[in-house]
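quick check, what structure comes out for this input:
(chains A and B)
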Amino acid sequence: MTTIEGDTNGWQPDPMRYYRSKRDAAHQKVASKYKIVGFISSGTYGRVYKAISKDGTESVHAIKKFKPDKEGDVVTYTGISQSAIREIALNREISHENVVAMREVILEEKSIYMVFEYAEHDFLQVIHHHAQTLRTPISMPVLKSLTYQLLNGLLYLHEAHIIHRDLKPANILINSSGTVKIGDLGLARITYQPLQPLFAGDKVVVTIWYRAPELLMGARHYHWAVDTWAVGCVVAELASLRPIFKGEEVKMDGKKNVPFQRDQLIKVFEVVGTPDEKDWPGFVDMPEYQSVKKLDRWANCPMATTLPTNRLSQWCNSKLRAQLGYDLLQQLFTYDPDKRLRCREALMHKWFEEDPKPTRNAFSSLQGHHIPPHRRITQEDTQSIVQTQAHPAAPPPMHALSHSVLPASGASFASLSGGQQTVRPKKRARV
Amino acid sequence: MAADFWSSSHHKRWIVDRAALKQARAEDMRYVKDPLFFDLFNIFTGNLIARICKKLGFRQRVTATASVFFRRFYLKNSYCETDPFIVIAACCYVAAKAEEFPVHIKTVINESRSAFSRLGVKNFPTDNSKLAEMEFYLVSDLECDFVVFHPYRTLMAICGKEGGKGSDQEAGEHGFGVNDGPRYWGTGEGKLLLQESAFQNVWLIINDLYRTELCLIYPPHLIAIGALMVTLAYHTSMKPIIQQAHNERTPSNSNKLQSSPQPRRSGRTGHSEKEKEKEKDKKPPQDVIGFLAGLNVSMSAVGTVVQEILSFYTLWDLFTDEKNQDTFKSAQPSTSNLLSRGTAGVKRDASGNPIQETLPPAPIDFANEPPREPVSAASILQAFVKMREARMADLANQRPPPVNKMLEKTQNMNID
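Below is the predicted model:
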């Protein structure tokens, strides 16, 4: 066989040069298509901006810019992250009223820009508005509508074999028409015939307070049920305006071992009770079973709704004030992942048939100041934000949080709100 | 929905017709006389992708996705204006991420380099950033559509192997209790019972077809059924079953000899318990023809796919390799036991085959043409290099490719 080394002398040093100049010439820049009107939030992935389309429609968007990689001070191509590929791939396939729609992706100057529909509010902001400004619980019609639409969006994802793996109030948006939009698919993935166990890809999924017990127990295999557990946590938080299982996260050690989340599990057991083999046959086979055996036991009578020992029932009586709502929550907090309520079943739950019924516009029952305020955007120098990202040391003092970026709400562009009572855990450790 | 082909980006944006394919080659055609070159070049590039992916330890689905990305890229670009080798490497790199089977960029560079240098392609970059840069452009040209549907999925569905346990190839965890959303493939009720070796045979044909552009023209389920048809027609294990089904339909012709169980193929004796059980299950034999006739697909479309498959194998027969024969052949699944290749075998089988009622007579495209000279990878590579040199020379003479130093400088992000 002859080699073509001799022929290559006539080649250009870079045979793709023509291709690139052709593509670059045809490229429509972000700045030519959108007017950036402000900065929304940032996280480990990069930053989110509010932008207005220059196409004449004046439509409003959120542009998520993935942080370009740097070698020293020089921005260079290092390969697109798995998380970006996954988020883009899934967003290109899906279309549902209750899931944030991606309009386009622009690749420019070694950065990736994802353009989303804009959403004025999010669950976290609604919770803060009620906890701090209004100082009243979220009304039942709103609570029920938000829950119903959240389940409806999640049903769509699950039927498409997508599990979200990072549901939490900051990631669930609401637009100005009161429509719930599930956002941030950065950790979501297709579970249809995976080539490797899900565990192999991402060691830690779901923000600690919303993490399902099978994940806390170190399960190597898991499925859609991690999302419905998180829905339970979110609904409980909407009802009480504070996280229901507010555990202390054990940080990763340097050896990349996933630590046992003792405190978080205790917080769950305190309310739902310690599971046994009867509730959850797979419980004893969980990697962390031995660690759990050392913990105190909490009484567990999920079926005996009237017994005073049932902490979840007590909790619901004071917070949710609805027997059927308690029933839904209890089924979402089923320990055995295989028996946990599915989205479809949850949507058919009697609570949604009982008055007040959920509405298409979740805010339709509200007036004036009860509707949460518009998302806050800032004009601050974005470069300084990159700097603070590099040193995520201590959270800023509470007063500073009220008018700056939340350090802890890394997962989405959804997290600015009027105030902050609790420092929220980061999405998850990057492994 | 990611679980539904009909609402996928694959179906909506990436199934094209012949005219679009022809249009994509318009620039290249100015430099190559024989359009057959592009079919051969598809085999050449398909072989390369398969070889690199194998070196990278990819599962077949990742290889298939990489191949589809490559074909899609050249729907929008000309071979003569690009470097297919860096494109191949980038396709492998992106496909790995798209299929949640990531590998390090350096590994892709190294394996690609070694595969290309064996062919004689010398100027492949060593720098990570070069491949990462290509990835950026590739992702743009792919319009960020990374979810690809493959015929394997249809094959598994037809044979009731969904869940992965029945297949060695795609074994692996299937999220237990995964919510089974509505599938485009019927109800899952009633499945085709295939002998394991026949199933593998279909699988291998599907692998081979990534050396063609069929994945751009036909939806994956038609390719799967086409590969299944070819297997049914040519695979030895299927003959008695089909014959019996045929006899049952036409009782006057019934032949007791034909319906007696056939001994297993020699190469497969002493096979696993699994297969024995499968064979037990198979009595009485399934009405295969009835099963296929019951599929809700266009049989004439399937017939066309079958024809394309046969043409492809005929063409692949021309493909020899001088120096790299061992490595090249080892990178591709052996096709010798798939079916008797060559036009003669095809003609004979097509004329007397009992399932011809479901298959249109399959005239082979090349049957009426003079026999072709065997071709080697090296000669294809040389033809490609010539084509590109001619194009580059033209570009240099007519309109020099713009060097956009100024543009680059002004490309400061206003956003920052």
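
for chain B, which spans come out with low pLDDT?
By pLDDT under 70, the weakly predicted segments of chain B are B:1-3, B:162-190, B:237-286, B:321-372, B:399-416.

repeat that with 50
The model of chain B has pLDDT under 50 over residues B:1, B:163-188, B:252-271, B:282-283, B:322-368, B:401-416.

got the domain ranges for it?
Domain assignment of chain B by automatic domain parsing yields the ranges B:34-148+B:377-398, B:151-169+B:189-357.

could I get those domains as CSV with mean neighbour count?
Bear in mind the C-beta positions are built from the backbone N, C-alpha and C, glycine included. As requested, those are exported to CSV (neighbours: other C-beta atoms under 10 Å in any protein chain shown):
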stretch, mean neighbour count
domain B:34-148+B:377-398, 21
domain B:151-169+B:189-357, 17
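
turn the ones you listed into CSV, columns for distance to chain A.
Output for the domains of chain B, formatted as CSV (distance: least, C-beta to the nearest C-beta, whole Å):
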stretch, distance to chain A
domain B:34-148+B:377-398, 3
domain B:151-169+B:189-357, 4
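
quick one: which of those domains is nearest residue A:351?
Taking C-beta to C-beta, domain B:151-169+B:189-357 is the member of those nearest to residue A:351, at 34.2 Å.

one step back: would you mind putting the domains of chain B into a markdown table with distance to residue A:369 alongside?
Below are the domains of chain B laid out as a markdown table (distance: least, C-beta to C-beta, whole Å):
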| stretch | distance to residue A:369 |
| --- | --- |
| domain B:34-148+B:377-398 | 41 |
| domain B:151-169+B:189-357 | 53 |
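
quick one: end-to-end distance for stretch A:182-200.
Distance across stretch A:182-200, first residue to last, is 25 Å (C-alpha to C-alpha, to the nearest Å).

is chain B contacted by it?
Yes. Under the criterion of C-beta under 8 Å from any C-beta of the partner chain, chain B is reached by stretch A:182-200 at A:189, A:190, A:191, A:192, A:193, A:194, A:195, A:196, A:197, A:198.

return whichever strand or helix holds residue B:229 as PDB; C-alpha atoms alone will do.
Assigned by DSSP states H and E, residue B:229 belongs to helix B:220-234. Written as PDB, here are the backbone C-alpha positions of helix B:220-234 (Å, rounded to 0.1, in the frame of the first residue of the first chain):
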ATOM      1  CA  PRO B 220     -34.700   2.800  11.700                       C
ATOM      2  CA  HIS B 221     -37.600   0.400  12.000                       C
ATOM      3  CA  LEU B 222     -37.600  -0.100   8.200                       C
ATOM      4  CA  ILE B 223     -33.900  -0.800   8.200                       C
ATOM      5  CA  ALA B 224     -34.400  -3.300  11.000                       C
ATOM      6  CA  ILE B 225     -37.200  -5.100   9.200                       C
ATOM      7  CA  GLY B 226     -35.200  -5.000   6.000                       C
ATOM      8  CA  ALA B 227     -32.200  -6.700   7.800                       C
ATOM      9  CA  LEU B 228     -34.700  -9.200   9.200                       C
ATOM     10  CA  MET B 229     -36.100 -10.000   5.800                       C
ATOM     11  CA  VAL B 230     -32.600 -10.600   4.400                       C
ATOM     12  CA  THR B 231     -31.800 -12.900   7.300                       C
ATOM     13  CA  LEU B 232     -35.000 -14.800   7.000                       C
ATOM     14  CA  ALA B 233     -34.300 -15.300   3.300                       C
ATOM     15  CA  TYR B 234     -30.700 -16.400   3.600                       C
END
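
which residues of the chain fall in strands?
Using chain A here. A:34-42, A:46-53, A:60-66, A:70-71, A:74-75, A:102-108, A:111-117, A:121-122, A:162-163, A:172-174, A:180-182, A:189-190 (DSSP state E).

was after chain B, sorry
Using DSSP E, strands in chain B cover B:319-320, B:375-376.

out of the ones you listed, which comes closest to residue B:195?
Here strand B:319-320 is closest among the strands of chain B (C-beta to C-beta), at 29.1 Å.

what does that closest one rub up against?
Outside strand B:319-320, the residues that touch it by C-beta atoms under 8 Å, 6 or more residues apart in numbering or on different chains are B:40, B:43, B:374, B:375, B:376, B:377.

any idea how far the residue lying closest to residue B:103 once chain neighbours are set aside lies from residue A:80?
Spatial nearest neighbour of residue B:103, chain neighbours left out: residue B:96 (4.9 Å); criterion: C-beta to C-beta, 6 or more residues apart in numbering or on different chains. Distance, residue B:96 to residue A:80, using C-beta to C-beta, to the nearest Å: 12 Å.

residues contacting the nearest residue to residue A:23 once chain neighbours are set aside?
Nearest residue to residue A:23 in three dimensions, chain neighbours excluded: residue B:137, at 5.9 Å (C-beta to C-beta, 6+ apart). Going by C-beta under 8 Å, 6+ apart, residue B:137 touches A:16, A:19, A:20, A:23, A:107.

so the fourth one touches residue B:138, yeah?
No. Between residue A:23 and residue B:138 there is no contact, the gap being 10.5 Å when judged by C-beta atoms under 8 Å.

residues in contact with residue A:335?
A:213, A:272, A:275, A:279, A:280, A:283.

max-length helix in chain A?
helix A:140-159 (DSSP state H).

please see if it touches chain B.
Yes. Using C-beta under 8 Å from any C-beta, we find that helix A:140-159 touches chain B at A:156, A:158, A:159.

other SSEs contacting that helix?
Helix A:140-159 sits against helix A:123-128, strand A:172-174, strand A:180-182, helix A:225-240, helix A:343-347, with contacts defined as 3 or more C-beta pairs under 8 Å, 6 or more residues apart in numbering or on different chains; DSSP states H and E.
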